[in-house]
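Participant: Any chance you could fold what I've pasted below:
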Amino acid sequence: MKVRMWVSVFLVSFLAACSGMSTKVHEEVAPEKIAAVGERRNVGVSADGKASVQVALSDGPGVARLINTNYNENTTSCIEYGTGKVRGSYFCSGVLLRTTDSGNFNPWESSPAALDLRATSYSWIRHDLSTNNLYKRAGLIFLNPSDILAQTVPGLTYPQYASNDNPVVKCIYPFDAWTQRIMSRGYFGCDEEGTGLGSHIVAQPWGSCDNKLEYSSAAQWDDHFRRNGQINYKQCSWNADNPQGWRSAIASHNVFAGQSSWNEVMVDNFGHNPSLPTYHQRVLGWIVAVFYDVAKAGGRDDARVFQQKIANAGKRVPILRLNFSAAPTDRFQYVADDQSMYP
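Facilitator: Below you'll find the model as predicted:
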């Protein structure tokens, strides 16, 4: 189990040249082993001992490298630094993203159906998850909470984790569960169809697989899915902070070859009213990039619109290409010609 815990360390040998600059270090790496990279002094050290430079949102290639690093992460569990709380795989690995259409609305806003559920549908991808298709052709990328808390990208915030115990991510389904179309689910869309629970309020992450049905393995989920005719809206969900649930979700997604859909991750809306300034501030606060799927026509045009709308809201982020045919280490790519404006 990888514990992604970070501490701030000052590089004494460079204090004269770069006063006040610091670095983040994995707990298993001694500070004296940190080496400067290029001309920068803010350096992160991953579990394998490789140095990675902290990046700014204006550094498109740097953001692409960071997202690719997270995409190729192998951790099976995450622990939140400072609290010791166990989090799901989304917290320190993989790429959490949301696809959306281009229309007369801001791309980070939740749909009316999502507002009714009090949660919005996202997807999570990683190199060991057999995903090669997403719901729509373009969308938004969000940085891992552990990276944001460690200030891998300076200026990004994740206030929900910094201020209280109410996690953002509620549950994960191995496949698209049609949560925006089947509206009788409770628990922020995390209850499987037809249970009649109906509650929208739950403080902590909750999954119908583990918290209701008491499943603990991918085999149990697979059997449940088969018994229900492999109907997507009859999946059960895994608690977002159950590491075994994430491992099971990955395993089950890779077992059903006939399924071609993405997974579905339910994320708290931060409140019911998108007109509130705090809603926009919070959602905008953890967007690190816009992306588009190179295999789908029109994706770049949508991405450019999203980039401009985010800039209009006061934040500049890069557009990244998502190429499912590329090597995992190059799955996300920054191309200057894709940008509608300098990020």
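Participant: do you know how far Asn68 is from Tyr81?
Facilitator: Noted for Asn68: a distance of 23 Å to Tyr81, by CB to CB, to the nearest Å. Glycine gets a C-beta too; all of them are placed from N, C-alpha and C.
Participant: Those two: which has the busier surroundings?
Facilitator: Asn68 (21 against 18; other CB atoms under 10 Å).
Participant: Retrieve the pLDDT associated with the spatially closest residue to Asp302 that is not a sequence neighbour.
Facilitator: Using CB to CB, 6 or more residues apart in numbering and skipping residues adjacent in sequence, the residue nearest Asp302 is Ala138, 3.8 Å away. Here the pLDDT value assigned to Ala138 is 97.
Participant: Ala138: what's it in contact with?
Facilitator: Residues near Ala138 by CB atoms under 8 Å, 6 or more residues apart in numbering: 99-100, 102, 290-293, 296, 299-300, 302-303, 306.
Participant: swap in Ser89?
Facilitator: By CB under 8 Å, 6+ apart, Ser89 lies in contact with 75-78, 124, 126, 243, 246-247, 250.
Participant: Separate out the buried members of these.
Facilitator: Buried members of the contacts of Ser89, counted by 16 or more other CB atoms under 10 Å: 75, 77-78, 124, 126, 243, 246-247, 250.
Participant: Out of these, which sit inside strands?
Facilitator: Among the buried ones among the contacts of Ser89, the members falling in strands (DSSP state E) are 78, 124.
Participant: which of the buried ones among the contacts of Ser89 has the weakest pLDDT?
Facilitator: Across the set of the buried ones among the contacts of Ser89, Ser77 stands lowest in pLDDT, at 80.
Participant: low-confidence ranges in the stretch 201-343 of the chain?
Facilitator: The model of the stretch 201-343 of the chain has pLDDT under 70 over residues 201-203, 270-281.
Participant: Break down it into its strands, ranges please.
Facilitator: Applying DSSP state E, counting those that start in this stretch to the stretch 201-343 of the chain gives strands spanning 238-239, 264-268, 287-293, 319-322, 332-334.
Participant: Show me the strands paired with the first one, marking each as parallel or antiparallel.
Facilitator: In its sheet, strand 238-239 lies beside strand 169-173 (antiparallel), with partners assigned from DSSP bridges.
Participant: ok and the partner strand relative to strand 264-268, angle-wise?
Facilitator: 170 degrees (axes from the mean of the first three to the mean of the last three CA atoms, to 10 degrees).
Participant: Show residues contacting strand 169-173.
Facilitator: Contacts to strand 169-173, defined as CB under 8 Å, 6+ apart, come from residues 88, 90-91, 96, 119, 124, 179, 187-190, 202, 205-208, 235, 237-241, 245-246, 249, 263-268.
Participant: Would you mind checking the contacts of Ala138 for buried ones?
Facilitator: Among the contacts of Ala138, those classed as buried by 16+ other CB under 10 Å are 99-100, 102, 290-293, 299-300, 302-303, 306.
Participant: Count the neighbours of Asn254 for me.
Facilitator: By other CB under 10 Å, 15 other residues sit near Asn254.
Participant: can I get the contacts of Ala138 in CSV with distance to Gln54?
Facilitator: Formatted as CSV, the contacts of Ala138 follow (distance: CB to CB, whole Å):
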residue, distance to Gln54
Thr99, 28
Thr100, 28
Ser102, 32
Val290, 21
Phe291, 21
Tyr292, 26
Asp293, 28
Lys296, 32
Gly299, 29
Arg300, 28
Asp302, 29
Ala303, 25
Phe306, 25
